[in-house]
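Student: Predicted model follows, preceded by the sequence.
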Amino acid sequence: MLNWEEYRTQLMGQIGNIAELSPDTVKGYSTLSGAGAKTNRLDAKVRELIAIAVAVTTRCDGCIAVHSKRALENGATREEIAEALGVAVSLNAGAALVYSARVMDAIAAGDAS
């Protein structure tokens, strides 16, 4: 298994290096990342649960490392995290189903020619 704490530390170091080379890139990311907290229509825990689900669907280990820790820090339970993961699984399955329909459409188009 991955040592998530070590990975998170290494990742933050590398992002720090990117910030030195391209500060506006990281500043832009930080602005996007903090936008939800400014409106605060969703609390921090809910934002982190959403982030975990998106991290899974986009297959971002760094996002998983950061947002799983933040979710716990913001009071998310293992059960709430598991439910968010269930949403991610459902979305991935749903996307596969939608694209399966596209395949069937492409096959039908091939039959017509």
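Tutor: Everything's here; your move. Residues are numbered from 1 along each chain as shown.
Student: host element of Gly36?
Tutor: If you go by DSSP states H and E, Gly36 is part of helix 23-39.
Student: Buried ones in that helix, by neighbour count?
Tutor: By 16 or more other C-beta atoms under 10 Å, the buried positions in helix 23-39 come out as Gly36. In this view, the C-beta of every residue, glycine as well, is placed from N, C-alpha and C.
Student: list the contacts for the residue nearest to the spatial centre of the chain?
Tutor: For the chain, the residue nearest the mean C-alpha position is Ala55 (2.1 Å; C-alpha atoms, centre = their mean). By C-beta atoms under 8 Å, 6 or more residues apart in numbering, Ala55 lies in contact with Cys63, Ile64, His67.
Student: I'd say Ile52 and His67 touch.
Tutor: Yes. In this structure, Ile52 is within contact of His67 by C-beta atoms under 8 Å, at 5.1 Å.
Student: The closest residue to Val26 other than its chain neighbours: neighbour count?
Tutor: Counting by C-beta to C-beta, 6 or more residues apart in numbering, Ala19 is the residue found nearest to Val26 once chain neighbours are left out, at 4.0 Å. Neighbours of Ala19 under the rule other C-beta atoms under 10 Å: 15.
Student: gap between Ala19 and Thr9?
Tutor: Ala19 sits 16 Å away from Thr9, taking C-beta to C-beta, to the nearest Å as the criterion.
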